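Visitor: A predicted structure for the sequence below; I have some questions about it.
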Amino acid sequence: MKNLFKITLIALLFLPFSCSDDEGTTEIESPKSDAKSIISFSFESAENSELENDVQAIVSESENTITAELPNGIDISTLVPTIEISELSTVSPSGAQDFNSSITYKVTAEDESIMEYVASVNFKAITLNAMNPESGPKNTVVTFTGTNFGTDTNMVKVFFDDIEAEVQQVSQTSIVAVVPPKAFTGVVRILIGEQELNGLVFDYQISDVQVSILAGVTQGFVDGNAAIAQFSFPDDITIDQNGDLFITEGFNNSVRKITFEFEGDLLADIVISTLAGNGSSGFLDGNGQNAQFDAPTGITIDNDGNLYISDTFNHTIRRITSSGEVSTLLAVDPVFDPRGITIDSEGNIYVIDGSNHRISKVILPNEINTFVGDGISGFINGDITNARFSFPKDITIDSEGNFYVTDSNNNSVRKITPSGTVTTLAGDGTSGFEDGIGSEAKFNFPQGITIDIEDNLYVVDVGNHSIRKITSSGMVSTIAGNGTSGFNSGVGSEAQFNQPRGITIDSDGNLFVVDRGNHSIRKITQD
């Protein structure tokens with residue numbers, strides 16, 4: 001083991017003392033030294049392989065402290081200090097120490113008096129100055145610049161919107177990382193040891209959209225795995241916290257469930273079952289297939305896993321518990337035409353009253369009021385007491401409490417603020433198929449609508465057999481479909497749908513679309 005101290009030793013001086021023969025001879029010792037200082041305290045790179053250069057600590061005799069600043073990313077749990085002390089004194093402890101907490105060093109003089117020093121190791125302040133580039137698709141190589149990042153890639157972690165990236169290179173002034181798939185737009189976090197840096201936002205560009213068939217190819221009413229299951233003109237779809245899907249089927253008068261079964265992290269099977277209803281139209285509460293519906297359409301789910309169904313031809317709202325128990329929330333109103341449905345953070349339900357051109361608010365357990373619209377078809381923005389819609393179809397809500405409505409007959413997407421102001425987010429009232437911002441965009445009878453965690457909207461454009469995306473600024477783009485009816489899987493515009501209706505999204509940004517005319521449930525992955 002190497003000597004850890006630079007201690008300059010001096011020889012003890014012994015002075016002979018002679019006396020007369022009568023008194024004999026007596027040896028008198030010199031006074032013992034009381035010197036007990038730490039002269040210097042350092043970490044030498046030769047003794048500490050983590051360090052590129054020697055680091056000299058500051059020793060304060062007046063405060064009896066030792067303070068060292070080290071680059072970030074250094075493992076300070078086994079650092080070996082080099083200590084120079086006063087002549088004839090000793091110091092403890094010796095050897096490697098864990099500097100994650102302060103260490104008390106005792107310097108003992110020759111006369112056995114003691115001086116204590118408290119040694120602390122701090123990391124140099126990190127600065128994060130810039131990120132380049134600031135946007136791009138998956139696998140984009142991004143360089144972060146700043147100071148005091150360290151040099152150990154194992155001590156640095158980078159997260160794009162909470163998804164960990166591969167860190168390729170680290171120096172004191174730069175970090176190089178690769179954008180992971182499905183990172184999406186969000187805050188970048190950098191962890192260096194115990195320190196966290198954030199504040200930069202990376203604008204993720206989706207570069208790969210793939211459309212596939214999740215379940216259903218031919219018309220019918222068959223449960224089982226995805227290869228054999230059948231649907232008949234499915235209407236709407238929602239998703240629970242486990243990732244299971246729930247679909248309303250007006251033609252089969254039922255609510256179906258799609259469960260994803262895993263073995264470890266691998267998908268083992270996709271199973272379709274009937275949660276409630278039995279294929280026959282009727283109006284009956286009860287459990288599972290003992291219950292009956294009449295053309296159920298809209299569907300949503302609360303945080304407890306309860307489903308809420310627009311039972312359209314029964315002119316009411318039904319609730320289904322996670323165990324499949326069906327009950328009726330509202331008294332039947334033959335004028336009520338429930339369609340799309342959503343629920344806010346307080347448990348209030350908002351229902352599209354389609355042919356009445358309005359939106360109703362249901363306050364549980366059974367109170368219903370008009371939220372917006374006066375029952376007259378129109379295309380008017382403004383206060384909720386004056387605004388008008390024309391055959392609206394679906395509704396969703398964002399993180400700020402704004403509502404978005406597909407105003408089908410007006411070929412537009414409308415926005416309702418929490419303060420009660422109605423505006424047109426996208427579309428101009430005329431039918432067409434054009435991307436663009438705000439009123440430059442055109443739709444053809446939009447219907448299903450959902451929203452992701454970044455408050456981007458996804459709209460089912462029924463007449464254009466396509467899926468459109470709307471950013472919070474109103475920029476409309478087509479992510480899947482090409483305006484032509486068909487039944488093709490593939491990349492983005494190569495894919496085809498046949499009068500799609502409902503849509504929902506999972507936490508990974510995967511979209512699930514009810515492809516009504518193809519009796520199928522489609523999946524859209526975005527990377």
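Guide: It's in.
Visitor: mind listing the strands for the stretch 251-400 of the chain?
Guide: 254-263, 266-276, 286-287, 296-301, 307-311, 316-320, 325-328, 338-343, 349-353, 358-363, 367-372, 382-383, 392-397 (DSSP state E, counting those that start in this stretch).
Visitor: need those strands in CSV with mean neighbour count and distance to Met155, can you?
Guide: In this view, the C-beta of every residue, glycine as well, is placed from N, C-alpha and C. Shown next, in CSV, are those (neighbours: other Cβ atoms under 10 Å; distance: least, Cβ to Cβ, whole Å):
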stretch, mean neighbour count, distance to Met155
strand 254-263, 17, 33
strand 266-276, 16, 32
strand 286-287, 13, 56
strand 296-301, 25, 42
strand 307-311, 26, 47
strand 316-320, 23, 50
strand 325-328, 18, 53
strand 338-343, 26, 44
strand 349-353, 25, 49
strand 358-363, 20, 53
strand 367-372, 16, 53
strand 382-383, 12, 56
strand 392-397, 24, 42
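Visitor: now those strands in CSV, with mean pLDDT?
Guide: Output for those, formatted as CSV (pLDDT from 0 to 100):
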stretch, mean pLDDT
strand 254-263, 96
strand 266-276, 96
strand 286-287, 98
strand 296-301, 98
strand 307-311, 98
strand 316-320, 98
strand 325-328, 98
strand 338-343, 98
strand 349-353, 98
strand 358-363, 97
strand 367-372, 96
strand 382-383, 96
strand 392-397, 98
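Visitor: Compare those and give me the one nearest Asp208.
Guide: With Cβ to Cβ as the measure, strand 266-276 is the member of these nearest Asp208 (19.5 Å).
Visitor: circling back: export the strands of the stretch 251-400 of the chain as JSON lines, with columns for distance to Gly448.
Guide: Shown next, in JSON lines, are these (distance: least, Cβ to Cβ, whole Å):
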{"stretch": "strand 254-263", "distance to Gly448": "16"}
{"stretch": "strand 266-276", "distance to Gly448": "20"}
{"stretch": "strand 286-287", "distance to Gly448": "29"}
{"stretch": "strand 296-301", "distance to Gly448": "10"}
{"stretch": "strand 307-311", "distance to Gly448": "13"}
{"stretch": "strand 316-320", "distance to Gly448": "18"}
{"stretch": "strand 325-328", "distance to Gly448": "23"}
{"stretch": "strand 338-343", "distance to Gly448": "8"}
{"stretch": "strand 349-353", "distance to Gly448": "11"}
{"stretch": "strand 358-363", "distance to Gly448": "16"}
{"stretch": "strand 367-372", "distance to Gly448": "20"}
{"stretch": "strand 382-383", "distance to Gly448": "26"}
{"stretch": "strand 392-397", "distance to Gly448": "5"}
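Visitor: Can you report how many residues neighbour Leu497?
Guide: Not Leu; residue 497 is Phe. If you count neighbours by other Cβ atoms under 10 Å, Phe497 ends up with 30.
Visitor: Could you pull up the residues touching it?
Guide: 465-467, 480-481, 485-487, 513, 515, 517-518, 522 (Cβ atoms under 8 Å, 6 or more residues apart in numbering).
Visitor: let's see 10 Å
Guide: Taking Cβ atoms under 10 Å, 6 or more residues apart in numbering as the criterion, Phe497 is in contact with 211, 460-462, 464-467, 480-482, 484-488, 513-518, 520, 522.
Visitor: Can you say which of the strands of the stretch 251-400 of the chain is nearest to Ala130?
Guide: strand 392-397 (36.2 Å).
Visitor: Skipping its backbone neighbours, what lies nearest Asn369 in space?
Guide: Lys361 (5.2 Å; Cβ to Cβ, 6 or more residues apart in numbering).
Visitor: wait, I meant Gln289
Guide: Asn278 (4.3 Å).
Visitor: quick one, phi/psi of the one you found?
Guide: phi -140, psi 10 (degrees, to the nearest 10).
Visitor: isn't it right up against Gln292?
Guide: Yes: the criterion here is Cβ atoms under 10 Å, and Asn278 meets it with Gln292 at 6.9 Å.
Visitor: what do those two both touch?
Guide: Asn253, Ser254, Leu284.
Visitor: which ones are touching the closest residue in space to Gly375 that isn't next to it in sequence?
Guide: Nearest-residue entry for Gly375: Asn356, 5.2 Å, with adjacent residues in sequence omitted and distances by Cβ to Cβ, 6+ apart. Asn356 makes contact with 335-338, 370, 373-377, 389, 391-392, according to Cβ under 10 Å, 6+ apart.
Visitor: 7 Å instead, please
Guide: Contacts for Asn356 (Cβ atoms under 7 Å, 6 or more residues apart in numbering) come out as Val335, Asp337, Gly375.
Visitor: Kindly report the same for Gly448.
Guide: Gly448 is in contact with Asp236, Asp394, Val460, Arg501, Gly502, Ile503, counting by Cβ under 7 Å, 6+ apart.
Visitor: For the fourth one, list the residues it contacts.
Guide: When you say that, I think you mean Arg501. Applying Cβ under 7 Å, 6+ apart to Arg501 gives the contacts Asp235, Asp236, Gln447, Gly448, Val460, Val462, Val514, Arg516.
Visitor: so it is in which element?
Guide: For Arg501, there is no enclosing helix or strand under DSSP states H and E.
Visitor: Quick check: the gap between it and Ile521.
Guide: Distance, Arg501 to Ile521, using Cβ to Cβ, to the nearest Å: 11 Å.
Visitor: list residues touching both of these two?
Guide: In contact with both Arg501 and Ile521: Val514, using Cβ under 7 Å, 6+ apart.
Visitor: related to what we said a few turns ago, going by distance to Gly474, which of the contacts of Arg501 wins?
Guide: Of the contacts of Arg501, the one sitting nearest to Gly474 (Cβ to Cβ) turns out to be Val460, at 17.9 Å.
Visitor: hang on, the closest one packs against Thr504?
Guide: No: here Val460 does not reach Thr504: they are 10.6 Å apart, not a contact under Cβ atoms under 7 Å.
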